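S.K.: Here is my input, please return the structure:
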Amino acid sequence: MLKFFKIIRQQLITKGNFKKYLIYAIGEIILVVAGILIALSINNWNERRKTEILELEYLKRLRTDLKVDSLYLNNEMQECKKAMKGSYQYIHKAYETQNSIEDYVDLVEFLIHRTENLVVQNSTYTELNNAGLLSIIQNKVLKDSLIALYREYEYVASRIKEFNDYHSRFLSSIKVYGRKYAKDRSRIFDQNHMFNETEWKFINDPTSQDFKDQEWAQAMYYVKNAEALELHKKLIIRVKFLIGQIDRELEQRI
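M.R.: This next block holds a predicted model:
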C-alpha cells in the first residue's frame, strides 16, 4: 500500500501538477491519522474489555467470600447466644443449693468458655487493595459499600480483641473453679483423691469472694457475648446488602 502511494506521488510530481499533489498529500495524511486513531481506539477497547473481564472475576470472587462470611457470622451469632444462655443459667442456678459433687458438675456444664476472634474471608479484597485495583470497580456505590464493609470488619475485630483481652486479664486475677469438673474435658482428673471434698462448696455461700468472682466472671462473659452478638448482627446486614449489590451488578453486566 505504501509503495502504491509512493508511485502516485511521483507521477503527480513528474507531471508538475502541484495542486493535485497537495490535495493528495493532505488526503494521505488524513488517512494515516485516521488509521492511527482507529488502531488506538481498537487497542483502548481491548484494554477496557480486559479490565471489565478482570472486574467481573473479582466481583464473583468477592461474592463467594461474602457468602462464606454470611454463614460464618450466622454461626458466630448462634455461638454467642449459646454462651449467653449458659452464663445466665449458671448465675441463676448457682444460687440454688448444690448438695453434692454431682450437683456441682451439673452446674459447671452451663459454663461455655470460648475465646473467639473475627475470622472473615478477606483474601480477595486484600489482593484488590494491595494491587491498587479497587479503581476497576465501575459502580461507585458498590465500591464504597465494599470499602465500608471491610473497614467495619477491622473495627469489629479490634473490639472483640479488646473484649477478650479484658476478660482474660480479669480471669488471670482470680482463682477459677469448676474446670476440672466439666464432663466434656479429657479425664486428666480421673482419681477420687484428686477432688477436694470441700473445693466446690464455696458455691453454697453467695457471700464468699470465690462465689462473687465466679459470678462476676460469668456476668462479664455474658456481656462480652451480648456485645459480640450485636456487632455480628450489624455485620451480617452489611454483608447481605453488599451481596445483593454485587448480584445486581453482575446481572446487568453479564
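
S.K.: what's the neighbour count on Gln53?
M.R.: No Gln there; residue 53 is Ile. Using other Cβ atoms under 10 Å, Ile53 has 10 neighbouring residues. The C-beta positions use only the backbone N, C-alpha and C, and glycine is treated the same way.

S.K.: so where does it fall, helix or strand?
M.R.: helix 18-94 (DSSP states H and E).

S.K.: Show me what stretch 58-75 is in contact with.
M.R.: Contacts to stretch 58-75, defined as Cβ atoms under 8 Å, 6 or more residues apart in numbering, come from residues 119-125, 128, 133, 136-137, 146, 232, 235-236, 239-240, 242-243, 246-247, 249-250.

S.K.: let's go with 6 Å and repeat that
M.R.: Applying Cβ atoms under 6 Å, 6 or more residues apart in numbering, the set of residues contacting stretch 58-75 from outside is Val120, Gln121, Thr124, Leu128, His232, Leu235, Ile236, Val239, Ile243, Ile246.

S.K.: Now, those that are in strands?
M.R.: Of these, none are assigned to strands by DSSP state E.

S.K.: hmm, back to that, for the helix or strand following the helix holding Ile53, buried residues please.
M.R.: Next helix or strand after helix 18-94 toward the C-terminus (DSSP H and E): helix 101-108. Buried residues in helix 101-108, counted by 16 or more other Cβ atoms under 10 Å: Asp103, Tyr104, Leu107, Val108.

S.K.: on that earlier part again, okay, the angle between the helix holding Ile53 and helix 101-108?
M.R.: 160 degrees (axes from the mean of the first three to the mean of the last three Cα atoms, to 10 degrees).

S.K.: how far out from the middle of the chain is helix 18-94?
M.R.: Relative to its chain's centre, helix 18-94 lies at 18 Å (Cα atoms, centre = their mean, to the nearest Å).

S.K.: In contact with Ala182, which residues?
M.R.: Neighbouring residues of Ala182 by Cβ under 6 Å, 6+ apart: Val108.

S.K.: With Ile203 as the reference, measure out to it.
M.R.: From Ala182 over to Ile203 the distance is 14 Å, taken as Cβ to Cβ, to the nearest Å.

S.K.: cool, and Leu142?
M.R.: Counting by Cβ to Cβ - Leu142 and Ile203 are separated by 55 Å.

S.K.: same check, this time on Gln121
M.R.: Gln121 is 43 Å from Ile203, by Cβ to Cβ.

S.K.: Neighbour count for these two, which is higher?
M.R.: More crowded of Gln121 and Ile203, by other Cβ under 10 Å: Ile203, with 24 against 17.

S.K.: I'd say that one and Ser100 touch.
M.R.: No. Counting by Cβ atoms under 6 Å, Ser100 is not a contact partner of Ile203; they are 11.3 Å apart.

S.K.: ok, residues contacting stretch 132-145?
M.R.: With Cβ under 6 Å, 6+ apart, stretch 132-145 has contacts from Thr51, Glu55, Leu128, Leu242, Gln245, Glu249.

S.K.: Would you map the strands across the stretch 101-250 of the chain?
M.R.: Counting by DSSP state E, counting those that start in this stretch, the stretch 101-250 of the chain has no strands to list.

S.K.: Can you pull the poorly scored residue ranges out of the stretch 101-250 of the chain?
M.R.: 184-187 (pLDDT under 70).
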